[in-house]
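Peer 1: structure of the sequence below:
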Amino acid sequence: MANRTWNFDGKDVTGTTGAVVQWEDHRFFKLIYKGQTFHGELLEDKSEDNVLNIKVNHRVFNIKKKGELDDLIAAMGLDTPKVRKLKELQAPMPGRVVQVVVKVGQELNPGDEILSLEAMKMENVLKAEGIGTVKAILVKADQVVDKGTVMIEFE
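Peer 2: Below is the predicted model:
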């Protein structure tokens, strides 16, 4: 039997034999492996995309059967998410700058906090949506800004 590559919860696993699946109906099954029986349930069947979501003994697994196309996509580097380069941070709404968290020269990654902006009695934490280095901070704490005001420049 040929080796098969599967992706269990984001980790590649290669296997040939050893497990037996016995279906009880269209949703429930038993998985027998090395003499042990595990009870399973099919939660979501996306067979057209080679993806299954199953629950085995109360633990949920996302399983994807890997194929030649997946290997080609990985070899071409198309499976890595594209990260955009930051240019500037504009105020998404009028408000008052509560706190600037970054400093000039600081490198940012997606999700890093940049500053807090209070608008309509709510504090909004603005985070980086890409990568970049802080070039200039054009606002300070307690400053009122209009929508579209450039607050931070990146290089």
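Peer 1: per-domain residue ranges of the chain.
Peer 2: According to automatic domain parsing, the chain comprises the domains 4-75, 88-154.
Peer 1: nearest to residue 81, of the ones you listed?
Peer 2: Residue 81 lies closest to domain 88-154 among these, at 9.1 Å (Cβ to Cβ). In short, each C-beta sits where N, CA and C put it, glycine included.
Peer 1: the closest one: how far from the chain's middle?
Peer 2: 23 Å (Cα atoms, centre = their mean, to the nearest Å).
Peer 1: how long is that domain from one end to the other?
Peer 2: End-to-end distance of domain 88-154: 6 Å, with Cα to Cα, to the nearest Å as the criterion.
Peer 1: ok, now stretch 30-41?
Peer 2: 9 Å.
Peer 1: how about the contacts made by residue 57?
Peer 2: 38-40 (Cβ atoms under 8 Å, 6 or more residues apart in numbering).
Peer 1: just the buried ones out of the residues you listed, please.
Peer 2: Buried subset of those (neighbour count, 16 or more other Cβ atoms under 10 Å): residue 40.
Peer 1: pick out whichever of the contacts of residue 57 sits closest to residue 146.
Peer 2: Of the contacts of residue 57, the one sitting nearest to residue 146 (Cβ to Cβ) turns out to be residue 40, at 56.7 Å.
Peer 1: was I right to think the closest one contacts residue 52?
Peer 2: No. Judged on Cβ atoms under 8 Å, residue 40 makes no contact with residue 52 at a distance of 10.3 Å.
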